[in-house]
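K.L.:
coordinates for the following, if possible.
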Amino acid sequence: MKEYTKNVLIAAGLSMLVIAGWDYFYAFPKLERQQKETQIAQQQQQKPAQPKPAAQSANQAPAAQQAQPRQAAPAKLAPKTRAEALAESRRVAIDTPSIVGSISLKGGRIDDVSLKNYRETVDPKSPIIVLLSPEGSPQPYYAETGFLASDKDQAPPALPTHETLWSADRETLSVGQPVTLSFDNGQGLVFKRRIAVDDQYMFSVEDAVENHGTSPVTVYPYMRVSRLGAFQSAGYAALHEGFVGVVGEAGLQELKFEKIEKEPHGAKSFEATGGWLGFTEKYWAAVLVPQQDRTLVARFSAAGAGPTKAYQADTVEAPLTVAPGASGSVASRVFAGAKVVDTLDAYEGQGVKLFDRLIDWGWFYFLTRPMFRIIDSLFHVLGNFGLAILAVTVLVKIAFLPLANKSYQAVAKMKEIQPKIQALKEKYGSDKQAMSREQMELFKREKINPAAGCVPMLLQIPVWFCLYKVLIITIEMRHAPFYGWIKDLSAPDPTNIFNFFGLIPFDPTQIPVFGPFLWLGIWPLVMGVSMWVQMKMNPEPTDEIQRTVFAWMPVIFTFSLGSFASGLVIYWTWNNILSVAQQWFIMRRAGVKFELWDNLKKTFDFKKPA
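P.N.:
Now for the predicted structure:
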């Protein structure tokens, strides 16, 4: 083995050790800390304080400084189950085609939402997704609206709080059947909260106050969505989970929980008119949509320490003054559900600006969204997302056909001049400079670009990235089956060669340090073979370092893509197969010998040269 070949192998080995070390000393401990924090958080409760407005600014909007949630204190009693927490207050049931749950009459909160059409696993008998849960449950997550009094008010009115017991005019909230909650503070103010819901995931809330007293009353409309603890990470670096919103001139905000924790006072505020904000995770979201024509201060905040960190997104709007004998109201909306593309687009059409950005399309939005639309349209024709991926691969091939043809023609010409290159190698021997100079001159005379053969692979990169994003961020791909053992195109191939495809009852991916590299199913293996075959159609590089890199590339890609979404691996495999067929056709037309079989035979010829 030559020295530079040895250096390449050593560098590759060191790179693998660095990646393994990163997983062992950083990624795995971080995941374990998240799991421990979640377990501890389930044994503790929290009661974040309601936001309070500070002094008014010149334009009558509240100032940005607001009260922060209090740090949660450990519960003295055994933690309640979700069912026990739900049973602690009277409730109005929610029943629509998309969600089931309830509204607490204690505080008037939307704090119990489950999604009828989505389950935790591909098993149709698995539990449906639980999104929002009440305070006192293992993982509180809820939304509420209401009014606040000014800190400067000498005699603030008695306003509803999270402890207020409301009365309701009906027992069930459903589509077209809104519920009205009422509360009389006994001091001349009557509060009413009318809640409606559509057939998807949007609640419409109208908070009103009737002033039966003798003096005007000024209140600040507010909204908040609160939760205890961060989301259990989906594990994708290209996926945003945490705070999200579109607020005023600041535009789209995607902020990690850790980012807000590091802000001064654990909060970041924005002055805006309208907009929306809340929390997003991989497939689900809980978002506040205030009245779009009212000025407000929007805030993301974090408080607490250790596992009991409380996070909150809230708004406080410009003051509402109600004269004696009059009434005032403010309208708002709360989204709590699945991030279905068509559903978000419909809400954007109803005046919620950039609501489709609730999905993390990434920097290449202009490519990723069209990619989704093409795949989704093909799905409605073919009835299977896997077939749609195969079809979009063919469409991409057709779109790039002219460039690919030029590339493969260059490869064919390279094959034609191989005898001339071999003659130069024999002539100049070990004189690499002379060999390189004469070889470049040969390329110029023959009008060959030696880098042209890389064009097809380079063209795949943006398409590959867009498809990758679509597979991991769109709920339409979640639990989408293909054929055979692939039940979820957004998940890795469930088979694994290291446990003989399930015959041995153990999970090799759980092995310390090297476990993540042992996720190698049938489709990744097929992809690796197809990539290897495609590379064998091309002339081997004359440089030994390049030849070594190219030889190991299929192996590296096979292991690297083993844990990727199976839909992406299927795309890559099918693309390789189409590339082989296309290159064979072009070479045949160019009159160049199809040397795949000769190259494969040479690879497996272990006889030592005489």
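
K.L.:
pLDDT weak spots in this structure?
P.N.:
Across the chain, the ranges flagged by pLDDT under 70 are 1-79, 153-154, 234-235, 306-307, 450-457, 459-460, 538-543, 590-610.

K.L.:
tabulate the CA atom coordinates of the longest helix anywhere in the chain in PDB.
P.N.:
In the chain, with assignment by DSSP state H, the single longest helix is helix 566-589. Written as PDB, here are the backbone C-alpha positions of helix 566-589 (Å, rounded to 0.1, in the frame of the first residue of the first chain):
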ATOM      1  CA  SER A 566     -36.600   4.900   3.600                       C
ATOM      2  CA  GLY A 567     -38.400   7.100   1.000                       C
ATOM      3  CA  LEU A 568     -35.100   9.000   0.500                       C
ATOM      4  CA  VAL A 569     -33.200   5.700   0.100                       C
ATOM      5  CA  ILE A 570     -35.700   4.400  -2.400                       C
ATOM      6  CA  TYR A 571     -35.400   7.700  -4.400                       C
ATOM      7  CA  TRP A 572     -31.600   7.400  -4.500                       C
ATOM      8  CA  THR A 573     -31.700   3.700  -5.500                       C
ATOM      9  CA  TRP A 574     -34.200   4.300  -8.300                       C
ATOM     10  CA  ASN A 575     -32.200   7.400  -9.500                       C
ATOM     11  CA  ASN A 576     -29.000   5.200  -9.700                       C
ATOM     12  CA  ILE A 577     -30.900   2.600 -11.700                       C
ATOM     13  CA  LEU A 578     -32.200   5.200 -14.100                       C
ATOM     14  CA  SER A 579     -28.700   6.700 -14.400                       C
ATOM     15  CA  VAL A 580     -27.200   3.300 -15.400                       C
ATOM     16  CA  ALA A 581     -29.900   2.800 -18.000                       C
ATOM     17  CA  GLN A 582     -29.400   6.300 -19.400                       C
ATOM     18  CA  GLN A 583     -25.700   6.100 -19.500                       C
ATOM     19  CA  TRP A 584     -25.900   2.700 -21.300                       C
ATOM     20  CA  PHE A 585     -28.200   4.100 -23.900                       C
ATOM     21  CA  ILE A 586     -26.000   7.100 -24.600                       C
ATOM     22  CA  MET A 587     -22.800   5.100 -24.800                       C
ATOM     23  CA  ARG A 588     -24.500   2.600 -27.200                       C
ATOM     24  CA  ARG A 589     -25.500   5.500 -29.400                       C
END
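
K.L.:
ok, and for that helix, which residues are buried?
P.N.:
566-580, 582-583, 586-587 (16 or more other C-beta atoms under 10 Å). To be clear about C-beta, it is placed using only N, CA and C from the backbone, and glycine gets the same treatment.

K.L.:
and stretch 302-319, by the same measure?
P.N.:
Applying 16+ other C-beta under 10 Å to stretch 302-319 flags 302-304, 307-319 as buried.

K.L.:
ditto for stretch 197-214
P.N.:
197-198, 200-203, 205-211.

K.L.:
the residues you listed: which two are farthest apart?
P.N.:
Using C-beta to C-beta, the two most remote members of the buried residues of stretch 197-214 are Gln200 and Asn211, lying 35.4 Å apart.

K.L.:
which stretch of helix or strand covers Val470?
P.N.:
Element membership for Val470, per DSSP states H and E: helix 455-473.

K.L.:
give me the angle between that helix and helix 566-589.
P.N.:
Inter-element angle recorded for helix 455-473 and helix 566-589: 160 degrees (by axes from the mean of the first three to the mean of the last three C-alpha atoms, to 10 degrees).

K.L.:
tell me the gap between helix 455-473 and the middle of its chain.
P.N.:
16 Å (C-alpha atoms, centre = their mean, to the nearest Å).

K.L.:
packing partners for that helix?
P.N.:
Counting contacts by 3 or more C-beta pairs under 8 Å, 6 or more residues apart in numbering; DSSP states H and E, helix 455-473 is packed against helix 365-382, helix 385-399, helix 401-416, helix 566-589.

K.L.:
using a markdown table, lay out these together with distance to Thr121.
P.N.:
Formatted as a markdown table, the helices and strands packed on helix 455-473 follow (distance: least, C-beta to C-beta, whole Å):
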| stretch | distance to Thr121 |
| --- | --- |
| helix 365-382 | 22 |
| helix 385-399 | 18 |
| helix 401-416 | 40 |
| helix 566-589 | 16 |
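
K.L.:
which stretch among those helices comes nearest Gly242?
P.N.:
Relative to Gly242, the nearest member of the helices and strands packed on helix 455-473 by C-beta to C-beta is helix 365-382, separated by 18.8 Å.

K.L.:
just send the buried residues of stretch 197-214 back as a markdown table, with secondary structure and distance to Gln409 too.
P.N.:
Listed next are these as a markdown table, based on DSSP: H, G, I helix; E, B strand; the rest coil; distance: C-beta to C-beta, whole Å:
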| residue | secondary structure | distance to Gln409 |
| --- | --- | --- |
| Val197 | strand | 60 |
| Asp198 | coil | 56 |
| Gln200 | coil | 52 |
| Tyr201 | coil | 53 |
| Met202 | strand | 55 |
| Phe203 | strand | 60 |
| Val205 | strand | 64 |
| Glu206 | strand | 67 |
| Asp207 | strand | 69 |
| Ala208 | strand | 73 |
| Val209 | strand | 76 |
| Glu210 | strand | 80 |
| Asn211 | strand | 81 |
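
K.L.:
ok, so of these, who is nearest Ile556?
P.N.:
Once C-beta to C-beta is applied, the member of the buried residues of stretch 197-214 that ends up nearest Ile556 is Tyr201, at 42.3 Å.

K.L.:
what residues are up against that closest one?
P.N.:
Contact partners of Tyr201, counting by C-beta atoms under 8 Å, 6 or more residues apart in numbering, are Ser98, Ile99, Leu115, Phe335, Ala336, Gly337, Ala338, Thr343.

K.L.:
can you tell me the closest non-neighbouring residue to it?
P.N.:
Residue nearest to Tyr201 in three dimensions, not counting chain neighbours: Gly337, with 2.5 Å by C-beta to C-beta, 6 or more residues apart in numbering.

K.L.:
tell me which strands the host helix or strand of that neighbour pairs with, and in which orientation.
P.N.:
In this structure, Gly337 is located in strand 327-338 according to DSSP H and E. If you go by DSSP bridges, strand 327-338 pairs up with strand 202-211 (antiparallel), strand 284-289 (antiparallel).

K.L.:
and Ser269, that one's in a helix?
P.N.:
No - counting by DSSP: H, G, I helix; E, B strand; the rest coil, Ser269 is not part of a helix but strand.

K.L.:
list the buried residues in stretch 356-372.
P.N.:
Across stretch 356-372, burial judged by 16+ other C-beta under 10 Å covers Asp356, Arg357, Leu358, Ile359, Asp360, Trp361, Gly362, Leu367, Thr368, Arg369, Met371, Phe372.

K.L.:
my guess is the fifth one contacts His240. True?
P.N.:
If I follow you right, that is Asp360. Yes - the pair Asp360 / His240 is scored as a contact, 4.4 Å apart, by C-beta atoms under 8 Å.

K.L.:
which residues are common contacts for these two?
P.N.:
When contacts are counted by C-beta under 8 Å, 6+ apart, Asp360 and His240 have Glu254, Thr280 as shared neighbours.
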